[in-house]
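Peer 1: Please work out how this folds:
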Amino acid sequence: MSGSGGAAADVDLLITGIGELCRMGEGEGPQAGPAQGDLGLVRDAALASRDGRIVAAGPRVEVEAAVRARTTVDVNGALVLPGWVDAHTHLLFGGTREDEFAMRAAGKSYREIAAAGGGIHASVRHFREASDEAVLDRARRNLDRALALGTTTIEIKSGYGLRAEDEFRALRLIRTLAGEHPVRIVATFLGAHEFPRDRPREAYVREIVATMIPRVADEDLAEFCDVFCEDGVFTPAESRAVLEAAARHGLRLKLHADEFGDTGGGRLAAELGAVSADHLHGTRPEVAADLARAGVVGVLLPGTSFFLNLSEKAPARAMVEAGLPLAVATDFNPGSSMSQSMPLMTTLACVQLGLTPAEALVAGTVNGAAALARSGRAGRLRPGFPADFQILDLENHVQLPYHYGVSHVRRVAVGGTWVTS
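Peer 2: Okay, the predicted model is just below:
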């Protein structure tokens, strides 16, 4: 058992009768290479928490002998996992883009739609026109859906403002959500999501570097800074300028990298030692080794390649072999991945990217935490970690990606408190 010996410890909550308990691997860091699929699996298990943190997790008979519980819940053979850590979303937006979905179904490409005024610029218009309350109401409902599907930690980016005051407005709204919703929220500044149509490129990069980033840091509006480094958006040189400024002001670094091809984003993430490089659909296997050596987490977004019907997929198997720790996230946004379902992403990671079920579950939990600099604070069910977990009406972990398209969640806890019924 992982827990304390000696006299029985008083605990607030004991979850017993667990068919399979996925504690995830040992330690606090991400899991890579052969450990990418280490679930720390225990059958016939139990889990105990006190003051919102796990104090014991392991074989049922050992945990039950080690604790004295105020409340005991027998889950009758259910599967118990850490709450999902969704490390890449654009959840704060002003309106949906189902018209673009219909256009893609009729044969238009994502880039053709963007060139005609759709894409990110459509979401910029929606955000600028929507009231704060309308944006918050939509975000609350989407967070509720994510929580109901087992997500307990989520990253939310700005990026639909594309001017200083609207970017700051977005980050303040994210802060409002973080103060009221049970899901743990991590804020990312993504002013470098696209170029506004009414500003020269050079002037906008200067504004991000000289005005936006210092204020984001001074007002503690975000923990991370991200850049969309891609052909037609921010070049590697422009991305470097933004990210180096962010680093000088104490922000951690992320990149949208190599979404539509090997355009230098992955290499830049390795050079700068970013916390994560996200998308990586077009990343070459040799770049994965550079990312691994630099301590970067690769965040794969299979919902995007699926929803946009991209022919190029991230070379996940080569990445695992290179020792790159892989996370899986939803990329939830109104244009290219309109889903906050982490269970669906695990299925797509298996079917489209070649991860095993165990590797996909690690990618959606402990490695997602590492992609948010939350190692030691999320993604594992080990003593000392927050008691953020989900109880699933499944017999084993393989059934989760196998039985897709429906919710298997019975209950979700954040900090040892039930947040779904």
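
Peer 1: Contacts only, for the residue nearest to residue 40 when sequence neighbours are not counted.
Peer 2: The spatial neighbour of residue 40 that comes closest, neighbours along the chain excluded (C-beta to C-beta, 6 or more residues apart in numbering), is residue 23 at 3.6 Å. Glycine gets a C-beta too; all of them are placed from N, C-alpha and C. Residues in contact with residue 23 (C-beta atoms under 8 Å, 6 or more residues apart in numbering) are 2, 39, 40, 41, 42, 57, 58, 380, 381, 382.

Peer 1: got it, and residue 265?
Peer 2: Residue 265 touches 229, 230, 236, 239, 255, 256, 257, 258, 259, 277, 279, counting by C-beta under 8 Å, 6+ apart.

Peer 1: Between which two of these is the distance greatest?
Peer 2: Spatial extent of the contacts of residue 265 (C-beta to C-beta) is set by the pair 236 and 279 at 14.7 Å.

Peer 1: Between the two, tell me which one has more neighbours.
Peer 2: A count of neighbours by other C-beta atoms under 10 Å puts residue 279 above the other of residue 236 and residue 279, at 27 against 18.

Peer 1: Check what pLDDT the closest residue to the more buried one other than its chain neighbours gets.
Peer 2: With C-beta to C-beta, 6+ apart as the criterion, residue 279 has its nearest non-adjacent residue at 4.0 Å, and that residue is residue 259. Residue 259 is assigned 91 on the pLDDT scale.

Peer 1: quick one: which helix or strand includes residue 259?
Peer 2: Using DSSP states H and E, residue 259 maps to neither a helix nor a strand.

Peer 1: residue contacts, it?
Peer 2: By C-beta under 8 Å, 6+ apart, residue 259 lies in contact with 230, 265, 279, 280, 281, 282, 304.

Peer 1: Could you dump those residues into CSV and include secondary structure?
Peer 2: Formatted as CSV, the contacts of residue 259 follow (DSSP: H, G, I helix; E, B strand; the rest coil):
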residue, secondary structure
230, coil
265, helix
279, strand
280, coil
281, coil
282, coil
304, helix
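
Peer 1: ok, residue 177 touching residue 147?
Peer 2: No - taking contacts as C-beta atoms under 8 Å, residue 177 lies outside contact range of residue 147: 12.0 Å.

Peer 1: The two - which one has more neighbours?
Peer 2: residue 147 (23 against 20).

Peer 1: Assign a three-state SS to the more buried one, would you?
Peer 2: Here residue 147 is helix, with the state taken from three-state DSSP.

Peer 1: What sits closest to residue 312 if chain neighbours are left out?
Peer 2: Using C-beta to C-beta, 6+ apart and skipping residues adjacent in sequence, the residue nearest residue 312 is residue 281, 5.0 Å away.

Peer 1: what are the phi and psi angles of the one you found?
Peer 2: phi -60, psi -40 (degrees, to the nearest 10).

Peer 1: cool, residue 96 as well?
Peer 2: Note on residue 96: backbone dihedrals following degrees, to the nearest 10 are phi -90, psi 170.

Peer 1: about what we covered before: may I see the ChimeraX selection of the buried members of the contacts of residue 23?
Peer 2: If you want just the buried ones from these in ChimeraX, going by 16 or more other C-beta atoms under 10 Å, the selection is:
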select :2,39,40,42,57,58,380,381,382
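
Peer 1: Mark out where each domain of the chain begins and ends.
Peer 2: The chain breaks down by automatic domain parsing into domains covering 9-82+380-418, 85-371.

Peer 1: end-to-end on the first one?
Peer 2: Meaning domain 9-82+380-418. This stretch, domain 9-82+380-418, spans 22 Å end to end (C-alpha to C-alpha, to the nearest Å).

Peer 1: from the chain's centre, how far out does it sit?
Peer 2: Averaging C-alpha positions (C-alpha atoms, centre = their mean, to the nearest Å) puts domain 9-82+380-418 20 Å from its chain's average.

Peer 1: cool, and stretch 75-93?
Peer 2: Its chain's average C-alpha position is 9 Å from that of stretch 75-93, according to C-alpha atoms, centre = their mean.

Peer 1: for stretch 306-324, same thing?
Peer 2: In terms of C-alpha atoms, centre = their mean, the centre of stretch 306-324 is set 17 Å apart from its chain centre.

Peer 1: how about residue 272, what does it touch?
Peer 2: 240, 243, 244, 247, 253.

Peer 1: how close does it get to residue 243?
Peer 2: Taking C-beta to C-beta, to the nearest Å as the measure, residue 272 falls 6 Å from residue 243.

Peer 1: Which residues are in contact with each of these two?
Peer 2: Residues touching both residue 272 and residue 243 (C-beta under 8 Å, 6+ apart): residue 253.

Peer 1: Go through the contacts of residue 265 and name the one nearest residue 204.
Peer 2: Distance to residue 204 across the contacts of residue 265 (C-beta to C-beta) is lowest for residue 239, with 13.0 Å.

Peer 1: Can you check what pLDDT the model gives the closest one?
Peer 2: Per-residue confidence (pLDDT) for residue 239: 98.

Peer 1: Who are the contact partners of residue 149?
Peer 2: By C-beta under 8 Å, 6+ apart, the contact list for residue 149 reads 84, 340, 341, 342, 343, 407, 409.

Peer 1: can you check residue 218 too?
Peer 2: Listed by C-beta under 8 Å, 6+ apart, the contact set of residue 218 is empty.

Peer 1: Backbone dihedrals for it, please?
Peer 2: Here is the backbone geometry of residue 218 (degrees, to the nearest 10): phi -60, psi -40.

Peer 1: now it: how far from residue 212?
Peer 2: Residue 218 is 11 Å from residue 212, where distance means C-beta to C-beta.

Peer 1: From one end of stretch 180-198 to the other, what's the distance?
Peer 2: This stretch, stretch 180-198, spans 36 Å end to end (C-alpha to C-alpha).

Peer 1: for stretch 96-111, same thing?
Peer 2: One end of stretch 96-111 sits 18 Å from the other (C-alpha to C-alpha).

Peer 1: rewinding a little: can you select the buried ones from the contacts of residue 149 in ChimeraX?
Peer 2: Written as a ChimeraX command, the selection of buried residues from the contacts of residue 149, which uses 16+ other C-beta under 10 Å, is:
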select :84,340,341,342,343,409
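
Peer 1: what's the farthest-apart pair in the contacts of residue 149?
Peer 2: 340 and 409 (13.0 Å).

Peer 1: What is the neighbour count of residue 165?
Peer 2: Neighbours of residue 165 under the rule other C-beta under 10 Å: 10.
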